[in-house]
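Undergrad: A structural model of the following input is requested.
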Amino acid sequence: MTSIKNKLLNGEKKIGIWGLGYIGYSSMAYFAKSGVKCLGTDVSKVKIDAVNNGEIAIPNLDYWIGFNVKPLAEAGLMKATLNWRELINNEVAVHLICIPTEKGAKPYDEILIDVIEKLCEFKKVKTDHPPLVIIESTITPNRVDELIIPILEKHKLKAGKDILIGVAPRRDWFVSPEKTLKTLPRVVGGTTKETTDMMAEVLGVVCDTVLKAPDHKHAALVKSIENAYRHLDITLANQLSMAYPGLDMRTVLRLVGTKWNIGTYTPSFGTGGYCIPLAPQYVLEGAPKAEELTLLKEALRYDFNMPARVVEHLARIGAKKVGVLGLAYKGDLKVEILSPAIKIAEGLKKHKIGVKVNDPYYSADEIKKITGCESFSFPAGMNEFDVLLLVADHTHYKSIPIKNILSNMKNCKLILDNTGIWKGIDFGKIKYHLAGDSGWLG
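TA: The predicted structure follows:
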(Lines give C-alpha, C1' and ligand atoms only; values in the text may rest on other atoms or scores of the structure.)
Protein backbone atom coordinates (compact mmCIF):
# COMPACT_ATOMS: atom_id res chain seq x y z
CA MET A 1 0.00 0.00 0.00
CA THR A 2 1.39 3.39 -1.03
CA SER A 3 2.11 5.67 1.95
CA ILE A 4 0.64 9.15 2.25
CA LYS A 5 4.15 10.55 1.92
CA ASN A 6 4.61 8.88 -1.46
CA LYS A 7 1.12 9.89 -2.57
CA LEU A 8 2.00 13.49 -1.76
CA LEU A 9 5.31 13.29 -3.61
CA ASN A 10 3.84 11.64 -6.71
CA GLY A 11 1.04 14.21 -6.95
CA GLU A 12 -1.81 11.85 -6.11
CA LYS A 13 -2.63 13.73 -2.91
CA LYS A 14 -2.40 17.37 -1.76
CA ILE A 15 -1.77 19.26 1.46
CA GLY A 16 -4.43 21.71 2.60
CA ILE A 17 -3.25 24.71 4.59
CA TRP A 18 -5.60 26.67 6.84
CA GLY A 19 -4.18 30.16 7.36
CA LEU A 20 -1.60 31.84 5.14
CA GLY A 21 0.38 34.01 7.54
CA TYR A 22 4.04 33.45 8.42
CA ILE A 23 3.49 29.82 9.42
CA GLY A 24 1.03 28.77 6.74
CA TYR A 25 2.75 30.48 3.82
CA SER A 26 6.17 29.11 4.72
CA SER A 27 4.79 25.57 5.20
CA MET A 28 3.24 25.79 1.76
CA ALA A 29 6.44 27.08 0.20
CA TYR A 30 8.62 24.33 1.68
CA PHE A 31 6.27 21.50 0.74
CA ALA A 32 5.81 22.92 -2.76
CA LYS A 33 9.57 23.11 -3.17
CA SER A 34 9.66 19.38 -2.38
CA GLY A 35 7.17 18.75 -5.19
CA VAL A 36 4.01 18.49 -3.09
CA LYS A 37 0.83 20.14 -4.36
CA CYS A 38 -0.56 22.58 -1.80
CA LEU A 39 -3.93 24.30 -1.57
CA GLY A 40 -4.32 27.02 1.05
CA THR A 41 -7.23 29.02 2.36
CA ASP A 42 -7.51 32.25 4.32
CA VAL A 43 -10.05 34.99 4.97
CA SER A 44 -7.69 37.58 3.44
CA LYS A 45 -7.98 38.07 -0.33
CA VAL A 46 -4.60 39.82 -0.30
CA LYS A 47 -2.96 36.64 1.00
CA ILE A 48 -4.88 34.46 -1.45
CA ASP A 49 -3.85 36.61 -4.41
CA ALA A 50 -0.22 36.65 -3.25
CA VAL A 51 -0.05 32.84 -3.26
CA ASN A 52 -1.71 32.53 -6.67
CA ASN A 53 0.56 35.19 -8.17
CA GLY A 54 3.70 33.58 -6.77
CA GLU A 55 4.34 36.57 -4.52
CA ILE A 56 5.10 36.99 -0.83
CA ALA A 57 3.01 39.75 0.73
CA ILE A 58 4.55 39.29 4.18
CA PRO A 59 7.52 41.66 4.71
CA ASN A 60 10.95 39.98 4.57
CA LEU A 61 9.52 36.45 4.50
CA ASP A 62 11.16 35.97 1.10
CA TYR A 63 14.55 36.54 2.73
CA TRP A 64 13.80 33.95 5.42
CA ILE A 65 12.42 31.37 2.97
CA GLY A 66 15.48 31.85 0.79
CA PHE A 67 14.13 30.61 -2.56
CA ASN A 68 11.93 31.88 -5.37
CA VAL A 69 8.30 30.77 -4.98
CA LYS A 70 7.01 32.12 -8.29
CA PRO A 71 7.98 29.04 -10.32
CA LEU A 72 6.21 26.89 -7.73
CA ALA A 73 2.98 28.84 -8.18
CA GLU A 74 3.34 28.74 -11.96
CA ALA A 75 3.76 24.96 -11.79
CA GLY A 76 0.53 24.65 -9.82
CA LEU A 77 2.25 23.48 -6.64
CA MET A 78 1.07 26.55 -4.69
CA LYS A 79 -2.57 27.57 -4.94
CA ALA A 80 -5.00 29.33 -2.62
CA THR A 81 -8.72 29.93 -2.39
CA LEU A 82 -11.17 31.94 -0.33
CA ASN A 83 -13.56 29.00 -0.52
CA TRP A 84 -12.50 26.60 2.24
CA ARG A 85 -14.82 23.91 0.92
CA GLU A 86 -12.36 23.28 -1.88
CA LEU A 87 -10.11 21.69 0.75
CA ILE A 88 -12.75 19.18 1.80
CA ASN A 89 -12.23 16.37 -0.69
CA ASN A 90 -10.42 13.07 -1.10
CA GLU A 91 -7.44 14.64 -2.89
CA VAL A 92 -6.52 16.77 0.13
CA ALA A 93 -5.17 14.10 2.47
CA VAL A 94 -3.19 16.24 4.91
CA HIS A 95 -4.33 19.46 6.58
CA LEU A 96 -2.04 21.93 8.35
CA ILE A 97 -3.77 24.28 10.80
CA CYS A 98 -1.76 27.52 10.90
CA ILE A 99 -4.22 30.00 12.36
CA PRO A 100 -3.93 32.59 15.18
CA THR A 101 -4.56 31.12 18.64
CA GLU A 102 -4.38 34.37 20.59
CA LYS A 103 -6.41 37.55 20.87
CA GLY A 104 -6.07 40.48 23.21
CA ALA A 105 -2.96 39.08 24.93
CA LYS A 106 -4.79 35.83 25.80
CA PRO A 107 -5.06 32.32 24.31
CA TYR A 108 -8.01 32.31 21.90
CA ASP A 109 -9.87 29.28 20.53
CA GLU A 110 -12.60 30.61 18.25
CA ILE A 111 -10.67 30.34 14.97
CA LEU A 112 -9.46 26.86 15.88
CA ILE A 113 -13.03 25.83 16.68
CA ASP A 114 -14.19 27.22 13.34
CA VAL A 115 -11.56 25.27 11.38
CA ILE A 116 -12.27 21.99 13.21
CA GLU A 117 -16.00 22.43 12.58
CA LYS A 118 -15.26 22.89 8.87
CA LEU A 119 -13.00 19.83 8.79
CA CYS A 120 -15.90 17.80 10.19
CA GLU A 121 -17.48 18.19 6.76
CA PHE A 122 -15.26 15.24 5.81
CA LYS A 123 -17.98 12.99 7.25
CA LYS A 124 -19.87 13.69 3.99
CA VAL A 125 -16.88 12.80 1.80
CA LYS A 126 -15.88 9.32 0.71
CA THR A 127 -12.13 9.01 1.28
CA ASP A 128 -9.65 6.18 0.79
CA HIS A 129 -7.91 7.21 4.01
CA PRO A 130 -8.90 9.37 7.00
CA PRO A 131 -7.59 12.95 6.62
CA LEU A 132 -4.51 13.75 8.70
CA VAL A 133 -4.87 17.05 10.58
CA ILE A 134 -1.67 18.58 11.95
CA ILE A 135 -1.99 21.60 14.24
CA GLU A 136 1.05 23.80 13.62
CA SER A 137 -0.25 26.69 15.73
CA THR A 138 0.68 26.78 19.41
CA ILE A 139 -2.19 25.55 21.57
CA THR A 140 -2.89 24.91 25.23
CA PRO A 141 -1.98 21.27 26.03
CA ASN A 142 -5.56 20.28 26.92
CA ARG A 143 -7.20 21.73 23.81
CA VAL A 144 -7.23 18.52 21.78
CA ASP A 145 -8.95 16.53 24.55
CA GLU A 146 -11.25 19.23 25.89
CA LEU A 147 -12.09 21.11 22.70
CA ILE A 148 -11.26 19.29 19.46
CA ILE A 149 -12.27 15.71 20.31
CA PRO A 150 -15.69 16.83 21.69
CA ILE A 151 -16.33 18.71 18.43
CA LEU A 152 -15.53 15.57 16.45
CA GLU A 153 -17.76 13.49 18.70
CA LYS A 154 -20.60 15.98 18.25
CA HIS A 155 -20.36 15.22 14.54
CA LYS A 156 -20.14 11.48 15.27
CA LEU A 157 -16.48 11.32 14.25
CA LYS A 158 -13.70 9.62 16.18
CA ALA A 159 -10.18 11.01 16.51
CA GLY A 160 -7.62 8.48 15.34
CA LYS A 161 -10.16 6.69 13.18
CA ASP A 162 -12.32 9.05 11.10
CA ILE A 163 -9.98 12.05 11.37
CA LEU A 164 -6.36 11.73 12.50
CA ILE A 165 -5.41 14.55 14.87
CA GLY A 166 -1.88 15.59 15.81
CA VAL A 167 0.07 18.51 17.22
CA ALA A 168 3.38 19.80 15.84
CA PRO A 169 3.96 23.44 16.86
CA ARG A 170 6.41 25.38 14.72
CA ARG A 171 9.66 26.64 16.27
CA ASP A 172 10.95 28.88 13.49
CA TRP A 173 12.58 32.25 14.09
CA PHE A 174 11.59 34.46 11.18
CA VAL A 175 14.48 36.90 11.50
CA SER A 176 17.15 34.19 11.23
CA PRO A 177 17.35 32.45 7.83
CA GLU A 178 19.32 29.60 9.37
CA LYS A 179 16.47 28.76 11.79
CA THR A 180 13.88 27.35 9.43
CA LEU A 181 11.25 24.69 8.93
CA LYS A 182 13.97 22.52 7.42
CA THR A 183 16.80 22.98 9.91
CA LEU A 184 15.10 23.10 13.33
CA PRO A 185 14.12 19.84 15.08
CA ARG A 186 10.36 19.30 14.98
CA VAL A 187 8.39 17.71 17.83
CA VAL A 188 5.24 15.81 16.80
CA GLY A 189 2.56 13.88 18.64
CA GLY A 190 -0.80 12.41 17.65
CA THR A 191 -3.78 11.00 19.51
CA THR A 192 -2.62 7.54 18.40
CA LYS A 193 0.81 6.04 17.72
CA GLU A 194 -0.17 5.48 14.09
CA THR A 195 -1.05 9.17 13.76
CA THR A 196 2.30 10.21 15.27
CA ASP A 197 4.15 7.93 12.85
CA MET A 198 2.24 9.36 9.90
CA MET A 199 2.91 12.93 11.04
CA ALA A 200 6.63 12.21 11.27
CA GLU A 201 6.58 10.70 7.80
CA VAL A 202 4.77 13.67 6.25
CA LEU A 203 6.72 16.42 8.01
CA GLY A 204 9.93 14.54 7.30
CA VAL A 205 9.46 15.59 3.68
CA VAL A 206 10.59 19.09 4.62
CA CYS A 207 12.12 18.76 8.12
CA ASP A 208 15.61 17.35 8.60
CA THR A 209 14.86 16.16 12.15
CA VAL A 210 11.49 15.00 13.46
CA LEU A 211 11.18 13.96 17.11
CA LYS A 212 8.23 11.83 18.19
CA ALA A 213 6.59 12.77 21.49
CA PRO A 214 4.59 10.13 23.42
CA ASP A 215 1.33 11.76 22.31
CA HIS A 216 -0.39 15.03 21.39
CA LYS A 217 -0.43 16.37 24.97
CA HIS A 218 3.32 16.03 25.35
CA ALA A 219 3.96 17.58 21.93
CA ALA A 220 1.75 20.59 22.68
CA LEU A 221 3.39 21.22 26.03
CA VAL A 222 6.96 21.15 24.69
CA LYS A 223 6.56 24.35 22.68
CA SER A 224 4.89 26.22 25.53
CA ILE A 225 7.41 25.16 28.16
CA GLU A 226 10.48 26.01 26.08
CA ASN A 227 9.14 29.54 25.60
CA ALA A 228 8.03 29.75 29.24
CA TYR A 229 11.65 29.07 30.21
CA ARG A 230 12.75 32.00 28.07
CA HIS A 231 10.01 34.21 29.47
CA LEU A 232 11.17 33.56 33.02
CA ASP A 233 14.79 34.38 32.13
CA ILE A 234 13.87 37.58 30.28
CA THR A 235 11.66 38.72 33.15
CA LEU A 236 14.47 38.04 35.62
CA ALA A 237 16.75 40.22 33.47
CA ASN A 238 14.25 43.08 33.78
CA GLN A 239 13.85 42.57 37.52
CA LEU A 240 17.62 42.62 37.99
CA SER A 241 17.90 45.92 36.10
CA MET A 242 15.27 47.39 38.44
CA ALA A 243 16.86 45.89 41.56
CA TYR A 244 20.32 47.27 40.70
CA PRO A 245 19.51 50.62 39.05
CA GLY A 246 23.05 51.95 39.50
CA LEU A 247 24.70 49.12 37.55
CA ASP A 248 24.82 48.38 33.85
CA MET A 249 22.87 45.12 34.03
CA ARG A 250 23.33 44.53 30.32
CA THR A 251 27.05 44.21 30.87
CA VAL A 252 26.57 41.99 33.92
CA LEU A 253 24.24 39.66 32.05
CA ARG A 254 26.56 39.51 29.03
CA LEU A 255 29.37 38.40 31.33
CA VAL A 256 27.04 35.93 33.08
CA GLY A 257 26.28 34.45 29.69
CA THR A 258 29.93 33.51 29.15
CA LYS A 259 29.41 30.53 31.49
CA TRP A 260 28.98 27.44 29.35
CA ASN A 261 25.53 26.44 30.60
CA ILE A 262 23.85 29.86 30.86
CA GLY A 263 22.13 31.83 28.11
CA THR A 264 22.40 35.59 27.66
CA TYR A 265 19.21 37.55 28.31
CA THR A 266 18.76 41.30 28.22
CA PRO A 267 16.35 43.78 29.85
CA SER A 268 13.76 45.37 27.59
CA PHE A 269 10.52 47.35 27.39
CA GLY A 270 8.69 43.99 27.74
CA THR A 271 8.23 40.90 25.59
CA GLY A 272 5.98 40.64 22.57
CA GLY A 273 4.91 38.37 19.74
CA TYR A 274 2.97 35.13 19.48
CA CYS A 275 5.32 32.98 21.55
CA ILE A 276 7.17 34.34 24.59
CA PRO A 277 4.45 36.26 26.49
CA LEU A 278 1.74 33.72 25.59
CA ALA A 279 3.65 30.53 26.42
CA PRO A 280 3.24 30.80 30.21
CA GLN A 281 -0.50 31.32 29.70
CA TYR A 282 -0.79 28.16 27.59
CA VAL A 283 1.11 26.24 30.29
CA LEU A 284 -1.07 27.65 33.08
CA GLU A 285 -4.35 27.00 31.28
CA GLY A 286 -3.43 23.40 30.59
CA ALA A 287 -2.05 22.56 34.02
CA PRO A 288 -4.18 20.33 36.31
CA LYS A 289 -2.52 22.09 39.27
CA ALA A 290 -1.89 25.60 37.98
CA GLU A 291 -1.56 26.89 41.54
CA GLU A 292 1.90 25.30 41.68
CA LEU A 293 3.19 27.52 38.87
CA THR A 294 3.73 30.63 40.95
CA LEU A 295 6.86 31.69 39.08
CA LEU A 296 5.02 31.80 35.76
CA LYS A 297 2.18 33.85 37.23
CA GLU A 298 4.55 36.40 38.71
CA ALA A 299 6.62 36.56 35.50
CA LEU A 300 3.48 37.36 33.49
CA ARG A 301 2.41 40.07 35.91
CA TYR A 302 5.84 41.69 35.95
CA ASP A 303 6.42 41.44 32.21
CA PHE A 304 3.04 42.91 31.28
CA ASN A 305 3.81 45.83 33.59
CA MET A 306 7.15 46.74 31.95
CA PRO A 307 5.64 49.13 29.36
CA ALA A 308 3.89 50.93 32.24
CA ARG A 309 7.25 51.34 33.99
CA VAL A 310 8.61 53.04 30.88
CA VAL A 311 5.57 55.33 30.73
CA GLU A 312 5.77 56.20 34.43
CA HIS A 313 9.43 57.13 34.06
CA LEU A 314 8.67 59.44 31.14
CA ALA A 315 5.81 61.05 33.06
CA ARG A 316 8.09 61.50 36.08
CA ILE A 317 10.76 63.36 34.10
CA GLY A 318 8.17 65.62 32.43
CA ALA A 319 8.20 64.29 28.85
CA LYS A 320 5.99 66.37 26.55
CA LYS A 321 6.11 64.70 23.14
CA VAL A 322 7.27 61.15 22.52
CA GLY A 323 8.12 59.55 19.19
CA VAL A 324 7.90 55.74 19.11
CA LEU A 325 10.08 54.07 16.49
CA GLY A 326 8.70 50.62 15.79
CA LEU A 327 5.16 49.31 16.20
CA ALA A 328 6.27 45.71 15.58
CA TYR A 329 7.56 43.79 18.58
CA LYS A 330 10.67 42.68 16.66
CA GLY A 331 12.82 44.15 13.92
CA ASP A 332 11.95 43.49 10.27
CA LEU A 333 8.73 41.63 11.10
CA LYS A 334 5.24 42.94 10.56
CA VAL A 335 3.90 41.48 13.80
CA GLU A 336 2.47 43.84 16.41
CA ILE A 337 0.95 41.12 18.62
CA LEU A 338 1.59 42.10 22.27
CA SER A 339 4.20 44.65 21.18
CA PRO A 340 5.23 46.88 24.10
CA ALA A 341 4.84 49.83 21.72
CA ILE A 342 1.06 49.48 21.91
CA LYS A 343 0.90 49.56 25.71
CA ILE A 344 3.42 52.39 25.85
CA ALA A 345 1.34 54.47 23.43
CA GLU A 346 -1.83 53.78 25.44
CA GLY A 347 -0.10 54.71 28.70
CA LEU A 348 1.35 57.93 27.34
CA LYS A 349 -2.06 59.06 26.11
CA LYS A 350 -3.54 58.39 29.55
CA HIS A 351 -0.85 60.62 31.04
CA LYS A 352 -1.74 63.34 28.49
CA ILE A 353 1.71 63.04 26.91
CA GLY A 354 1.80 63.58 23.16
CA VAL A 355 2.78 60.45 21.23
CA LYS A 356 3.20 59.48 17.59
CA VAL A 357 4.37 56.20 16.06
CA ASN A 358 6.55 55.31 13.08
CA ASP A 359 7.03 51.91 11.51
CA PRO A 360 8.16 51.36 7.91
CA TYR A 361 6.07 48.17 7.62
CA TYR A 362 2.77 49.80 8.60
CA SER A 363 0.71 52.43 6.82
CA ALA A 364 -0.51 55.54 8.63
CA ASP A 365 -4.02 54.04 8.68
CA GLU A 366 -2.76 50.79 10.19
CA ILE A 367 -0.84 52.64 12.88
CA LYS A 368 -3.92 54.71 13.69
CA LYS A 369 -6.15 51.65 13.88
CA ILE A 370 -3.79 49.64 16.09
CA THR A 371 -2.51 52.35 18.44
CA GLY A 372 -4.94 55.24 18.08
CA CYS A 373 -1.92 57.46 17.33
CA GLU A 374 -0.89 59.54 14.37
CA SER A 375 2.22 58.49 12.49
CA PHE A 376 5.32 60.55 11.69
CA SER A 377 8.03 60.38 9.07
CA PHE A 378 11.51 59.07 9.74
CA PRO A 379 13.95 60.69 10.15
CA ALA A 380 12.64 64.21 9.42
CA GLY A 381 9.61 63.88 11.69
CA MET A 382 11.74 63.25 14.79
CA ASN A 383 12.37 66.98 15.25
CA GLU A 384 9.10 67.54 17.14
CA PHE A 385 9.87 65.13 19.99
CA ASP A 386 11.70 65.66 23.25
CA VAL A 387 11.86 61.87 23.82
CA LEU A 388 12.45 59.07 21.32
CA LEU A 389 11.75 55.42 22.08
CA LEU A 390 13.32 52.81 19.81
CA VAL A 391 11.17 49.71 20.20
CA ALA A 392 11.96 47.54 17.18
CA ASP A 393 15.39 47.09 15.63
CA HIS A 394 14.25 47.53 12.04
CA THR A 395 17.03 47.68 9.45
CA HIS A 396 15.39 50.92 8.32
CA TYR A 397 16.48 52.55 11.59
CA LYS A 398 19.96 51.02 11.61
CA SER A 399 21.01 51.68 8.03
CA ILE A 400 20.49 55.45 8.01
CA PRO A 401 23.65 57.62 8.11
CA ILE A 402 24.38 58.94 11.59
CA LYS A 403 24.40 62.53 10.38
CA ASN A 404 20.79 62.11 9.22
CA ILE A 405 19.83 60.94 12.70
CA LEU A 406 21.63 63.75 14.53
CA SER A 407 20.34 66.48 12.23
CA ASN A 408 16.73 65.58 13.03
CA MET A 409 16.81 65.82 16.81
CA LYS A 410 16.44 69.56 17.37
CA ASN A 411 14.24 69.16 20.45
CA CYS A 412 15.29 65.74 21.69
CA LYS A 413 16.48 65.42 25.28
CA LEU A 414 16.28 61.66 25.85
CA ILE A 415 16.57 58.47 23.81
CA LEU A 416 15.56 55.08 25.23
CA ASP A 417 16.77 52.24 23.03
CA ASN A 418 15.10 48.85 23.54
CA THR A 419 17.63 46.79 21.57
CA GLY A 420 20.79 48.87 21.17
CA ILE A 421 20.62 49.74 17.48
CA TRP A 422 21.91 53.27 18.16
CA LYS A 423 24.44 52.20 20.76
CA GLY A 424 27.81 53.87 20.24
CA ILE A 425 26.49 57.02 18.57
CA ASP A 426 27.69 60.25 20.19
CA PHE A 427 24.48 62.18 20.84
CA GLY A 428 26.23 65.05 22.61
CA LYS A 429 23.95 66.64 25.21
CA ILE A 430 21.08 64.25 24.46
CA LYS A 431 20.80 61.53 27.10
CA TYR A 432 20.94 58.04 25.63
CA HIS A 433 20.02 54.90 27.56
CA LEU A 434 19.99 51.31 26.42
CA ALA A 435 17.38 49.18 28.20
CA GLY A 436 19.11 47.70 31.22
CA ASP A 437 22.03 50.06 31.48
CA SER A 438 22.73 52.14 34.59
CA GLY A 439 19.79 54.40 35.42
CA TRP A 440 17.81 53.58 32.29
CA LEU A 441 14.52 54.14 34.09
CA GLY A 442 15.71 56.68 36.60
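Undergrad: quickly note the distance from Ala392 to Phe269.
TA: Shown here: Ala392 relative to Phe269, a distance of 10 Å by CB to CB, to the nearest Å. Bear in mind the C-beta positions are built from the backbone N, C-alpha and C, glycine included.
Undergrad: find residues that contact each of those two.
TA: Common neighbours of Ala392 and Phe269, using CB atoms under 8 Å, 6 or more residues apart in numbering, are Ala341, Asn418.
Undergrad: give me the distance from stretch 41-50 to the chain's centre.
TA: Distance, stretch centre to chain centre, for stretch 41-50: 19 Å (CA atoms, centre = their mean, to the nearest Å).
Undergrad: pLDDT (mean, whole number) over that stretch?
TA: Taken as a whole, stretch 41-50 has an average pLDDT of 96.
Undergrad: and it, how far apart are its ends?
TA: Taking CA to CA, to the nearest Å, stretch 41-50 runs 12 Å from one end to the other.
Undergrad: so that it lines up with my notes, have the first residue be 8 from now on.
TA: OK, 8 is where the count begins now, so the last one is stretch 48-57.
Undergrad: can you pull the buried residues of that stretch?
TA: By neighbour count with 16 or more other CB atoms under 10 Å, stretch 48-57 contains the buried residues Thr48, Asp49, Lys54, Ile55, Ala57.
Undergrad: one more: stretch 286-305?
TA: Of the residues in stretch 286-305, those with enough neighbours to count as buried (16+ other CB under 10 Å) are Ala286, Pro287, Gln288, Tyr289, Val290, Leu291, Glu292, Gly293, Ala294, Leu300, Leu303.
Undergrad: can you tell me which of the residues you listed are in strands?
TA: Residues from the buried residues of stretch 286-305 lying in strands, with DSSP state E as the criterion: none.
Undergrad: mind putting those into TSV with pLDDT?
TA: As requested, these are arranged in TSV below (pLDDT from 0 to 100):
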residue	pLDDT
Ala286	91
Pro287	93
Gln288	94
Tyr289	92
Val290	94
Leu291	94
Glu292	91
Gly293	90
Ala294	93
Leu300	97
Leu303	96
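Undergrad: of these, which is the nearest to Leu94?
TA: Ranked by distance to Leu94 (CB to CB), these are led by Tyr289 at 26.7 Å.
Undergrad: need the contact list for the closest one.
TA: Neighbours of Tyr289 in contact, by CB under 8 Å, 6+ apart: Pro114, Thr145, Ile146, Thr147, Pro148, Ala227, Ser231.
Undergrad: mind listing which of those residues are in helices?
TA: Assignment to helices by DSSP state H places the following of the contacts of Tyr289 there: Ala227, Ser231.
Undergrad: excluding its backbone neighbours, what's nearest Val263?
TA: If you skip the residues right next to it in sequence, Val263 has Ile269 as its closest partner in space, 5.9 Å away by CB to CB, 6 or more residues apart in numbering.
Undergrad: which strand or helix spans that neighbour?
TA: When elements are defined using DSSP states H and E, Ile269 is found to belong to no helix and no strand.
Undergrad: ok, now the one 3 residues further on?
TA: Element membership of Tyr272, judged by DSSP H and E, is empty: it is in no helix or strand.
Undergrad: correct me, but it touches Leu260?
TA: Yes: applying CB atoms under 8 Å, one finds Tyr272 in contact with Leu260, separated by 6.1 Å.
Undergrad: let me see the contact set for Leu254.
TA: By CB under 8 Å, 6+ apart, Leu254 lies in contact with Ser445.
Undergrad: and the residue most central in space within the chain, which of the three is it?
TA: Residue closest to the average C-alpha location in the chain (CA atoms, centre = their mean): Tyr281, at 3.7 Å. State at Tyr281, reduced to three classes by DSSP: H, G, I helix; E, B strand; the rest coil: coil.
Undergrad: likewise for Arg92?
TA: Arg92 carries the three-state label helix when classified by three-state DSSP.
Undergrad: repeat for the one 10 residues further on
TA: Here His102 is recorded as strand under three-state DSSP.
Undergrad: where's it relative to Ile155, distance?
TA: Here His102 is placed at a distance of 13 Å from Ile155 (CB to CB).
Undergrad: same check on Leu126?
TA: Distance from Leu126 to Ile155, by CB to CB: 10 Å.
Undergrad: cool, Gly211 as well?
TA: Separation of Gly211 from Ile155 (CB to CB) stands at 24 Å.
Undergrad: these two: who's more crowded?
TA: Relative neighbour count places Ile155 above the other of Gly211 and Ile155, with 26 against 14, counting by other CB atoms under 10 Å.
Undergrad: which secondary structure element contains the residue nearest to the more buried one when sequence neighbours are not counted?
TA: Take Ile155 and drop its neighbours on the chain: the residue closest to it by CB to CB, 6+ apart is Ile123, 5.4 Å away. Under the assignment given by DSSP H and E, the secondary-structure element containing Ile123 is helix 117-126.
Undergrad: buried stuff in that helix?
TA: For helix 117-126, using 16+ other CB under 10 Å, the buried residues are Ile118, Leu119, Val122, Ile123, Lys125, Leu126.
Undergrad: skipping adjacent residues, who's closest to the third one in space?
TA: It stands for Val122. What sits nearest to Val122 in space, not counting adjacent residues and going by CB to CB, 6+ apart, is Trp25, at 5.0 Å.
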